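**Q** model the following, please.
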Amino acid sequence: MKRFHILILTCGITLSQIKAQTPTSSPVDSLIIWGIDQTFNSQFDSALTTFQKLIDLHPNHIMGYFYKAAALQFKLLDYETDLWEEEYDDLIEEAIRLGKNQIREGDDDPWIYYYVGNCYGYKGLYQAKHGKFITGFLIARNGLDFMKKALERNQTLYDAYLIVGSYKYWYGRFSKYLNWLPMIHDEREEGIQMVKLAMDKGKFSYWVGLNNLAWIEYDRKNYESAKDLFSKGLVKYPNSRFFLWGVGDTSYRLEDYVAAVEIYEAILVSLQNLNENSDYNEIVCRFKLVQTYLGQKNFEKALLHCNVILNKKVDEDVAKRIQSRREKTEEYQKQCIQHLHQTESD
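**A** Residues are numbered from 1 along each chain as shown. From the prediction side, this is the model:
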C-alpha cells in the first residue's frame with residue numbers, strides 16, 4: 001500500500017492572486033514551503049499547525065484547507081490508520097466547497113481549479129486505498145477535469161502537469177481492470193514525460209515529481225533507477241519514511257541486503273518512537289526484515305523478528321490485514337529453526 005502515497009502527491013505553492021517576488025518573500029509562500037518540508041520529513045503535527053496558520057490568514061480561501069487536508073492524509077497513510085479520518089473528510093469537503101464557491105463567484109484563477117482538482121484527487125486516492133478502487137477512480141477523474149481546466153487557462157502552470165502525468169501513468173497501469181469504462185487508455189509513456197516536464201519547469205514540483213518518478217520506475221522494475229531517485233530524495237529529507245521505504249524496497253529487490261537491513265532497521269526505530277505507534281506498519285517492517293535477513297542467511301536475526309510478529313497482540317482490523325504475512329511468517333519461523341538446529345548439529 002505504500003505506493004498509494006505517490007499516486008497524487010502534489011505541491012502547488014503559489015496563487016496568482018497572492019503574488020510574491022520570491023517564494024520566501026511572502027508569508028503565504030513561506031508557510032506553504034515550510035509545511036510541505038515538514039510533511040515530507042514526517043513531522044505531520046507541525047505541518048498541520050503550519051497550515052492552520054495559512055487558514056487563519058485566508059479563512060475563505062481553498063488553499064489552507066487543501067494543504068491541511070493533504071498533510072493529514074499523509075499522516076493517515078503513513079500511520080496506516082483511520083483515527084483522524086473524520087477530520088480529514090471535513091477538511092477536504094470544506095476545501096472543495098470553498099474552491100467551487102470562488103469559481104461560482106467569478107474567480108477564474110487557474111490555481112483555484114488546480115486546488116479543486118487536487119482535492120478530488122486526494123479524495124479518490126483515499127477511497128482507492130480503502131479498497132473502493134472504482135469509486136476512487138471516478139472521483140479522481142473528476143479532479144482531472146478541473147486540472148485540465150487549470151491548464152486551459154494557463155498552459156505554463158507546469159505543476160499541474162505533474163498531476164495529469166501521474167494520473168496518465170497509474171490509470172494506464174490499471175487500464176486492463178477498467179476497460180469497461182469509457183475513455184480509459186494506456187498513456188503511461190506520455191504520463192512519464194509530463195512528470196519529467198513538471199520536474200524540469202514546475203516552480204515547486206521537483207521533489208514531489210522525483211518521488212512519483214521513483215515509484216513509477218519501481219513499478220516498471222527499473223530498480224536501479226528507482227533507488228537512485230529515492231536516495232536523492234532521502235538526502236533532501238533524511239527523516240522521510242516515504243523515501244526510506246523506497247530505498248529499502250529497491251535495495252531488497254536488488255539483493256543489496258546490507259543496505260536494505262540498515263534502512264528497515266531505521267524505519268523500525270522511527271515507528272517505535274511515534275506517539276501513535278502503528279502495529280500494522282511495525283509488522284510490515286519486521287516482515288521485510290525477516291525476508292532481508294533470510295537473504296543474508298542470518299537465520300538468528302530473522303527468527304527474532306518472526307517471533308515478535310507471531311507473539312504481537314493486535315486488534316481485529318490489523319489481524320485481518322496481516323493474516324497472509326502472519327501465515328508466511330510461520331513458514332519462515334520453521335525454516336529458521338530448521339537451519340539453526342542443523343548448524344548446531346554440524
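**Q** these two touch, right, residue 169 and residue 191?
**A** Yes. Judged on Cβ atoms under 8 Å, residue 169 makes contact with residue 191 at a distance of 3.5 Å. C-beta coordinates here come from the backbone N, C-alpha and C atoms, glycine included.
**Q** between those two, which one's more packed in?
**A** When residue 169 and residue 191 are compared for neighbours, residue 169 comes out ahead with 26 against 23, by other Cβ atoms under 10 Å.
**Q** who touches the more buried one in this structure?
**A** Residues in contact with residue 169 (Cβ atoms under 8 Å, 6 or more residues apart in numbering) are 187, 188, 191, 192, 195, 216.
**Q** so which of the residues you listed is the closest to residue 286?
**A** residue 216 (27.7 Å; Cβ to Cβ).
**Q** show me this protein divided up by domain.
**A** Domain ranges of the chain: 2-227, 260-345, per automatic domain parsing.
**Q** worst mean pLDDT among those domains?
**A** Here the lowest mean pLDDT among the domains of the chain goes to domain 2-227, at a mean of 83.
**Q** buried set for the top helix by length along the chain?
**A** If you go by DSSP state H, the chain has its longest helix at helix 323-345. By neighbour count on 16 or more other Cβ atoms under 10 Å, the buried set for helix 323-345 is 325, 326, 328, 329, 332, 333, 335, 336, 339.
**Q** a markdown table for the residues you listed, including distance to residue 64?
**A** Below are these laid out as a markdown table (distance: Cβ to Cβ, whole Å):
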| residue | distance to residue 64 |
| --- | --- |
| 325 | 39 |
| 326 | 42 |
| 328 | 44 |
| 329 | 44 |
| 332 | 47 |
| 333 | 49 |
| 335 | 52 |
| 336 | 51 |
| 339 | 56 |
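**Q** just the helices from the stretch 101-250 of the chain, written as ranges.
**A** According to DSSP state H, counting those that start in this stretch, the stretch 101-250 of the chain carries its helices in the segments 110-129, 133-153, 158-173, 188-201, 206-219, 223-236, 241-253.
**Q** which elements pack onto the fourth one?
**A** This points to helix 188-201. If you count contacts as 3 or more Cβ pairs under 8 Å, 6 or more residues apart in numbering; DSSP states H and E, helix 188-201 packs onto helix 158-173, helix 206-219.
**Q** check the first one too.
**A** Where contact means 3+ Cβ pairs under 8 Å, 6+ apart, helix 110-129 is packed against helix 62-79, helix 85-104, helix 133-153, helix 158-173.
**Q** closest one to residue 247 among those?
**A** Across the helices and strands packed on helix 110-129, residue 247 has its closest neighbour in helix 62-79 (15.8 Å, Cβ to Cβ).
**Q** and for the closest residue to residue 43 other than its chain neighbours, the neighbour number?
**A** Nearest residue to residue 43 in three dimensions, chain neighbours excluded: residue 239, at 7.6 Å (Cβ to Cβ, 6 or more residues apart in numbering). Residue 239 has 13 neighbours, counted by other Cβ under 10 Å.
**Q** equivalent analysis for residue 244, please.
**A** By the criterion of other Cβ under 10 Å, residue 244 has 22 neighbours.
**Q** go on, residue 163?
**A** 32.
**Q** hang on, it packs against residue 148?
**A** No. Look at residue 163 against residue 148 with Cβ under 8 Å: they stay out of range, at 10.0 Å.
**Q** so what touches the longest helix of the chain?
**A** 283-284, 287, 290-291, 294, 297, 299-300, 302-303, 306-307, 309-310, 319.
**Q** what's the most distant pair in the residues you listed?
**A** 297 and 319, at 30.4 Å, using Cβ to Cβ across the contacts of helix 323-345.
**Q** so which of the two has more stuff around it?
**A** Taking neighbours as other Cβ under 10 Å, residue 297 and residue 319 compare with residue 319 leading, 15 against 9.
**Q** quick check, the more buried one in a helix?
**A** Yes. Inclusion of residue 319 in a helix is indicated when DSSP: H, G, I helix; E, B strand; the rest coil is applied.
**Q** any idea how far residue 315 is from the closest residue in space to it that isn't next to it in sequence?
**A** Distances taken as Cβ to Cβ, 6+ apart put residue 326 closest to residue 319, at 8.0 Å, once the chain neighbours are dropped. Per Cβ to Cβ, to the nearest Å, residue 326 is found 14 Å from residue 315.
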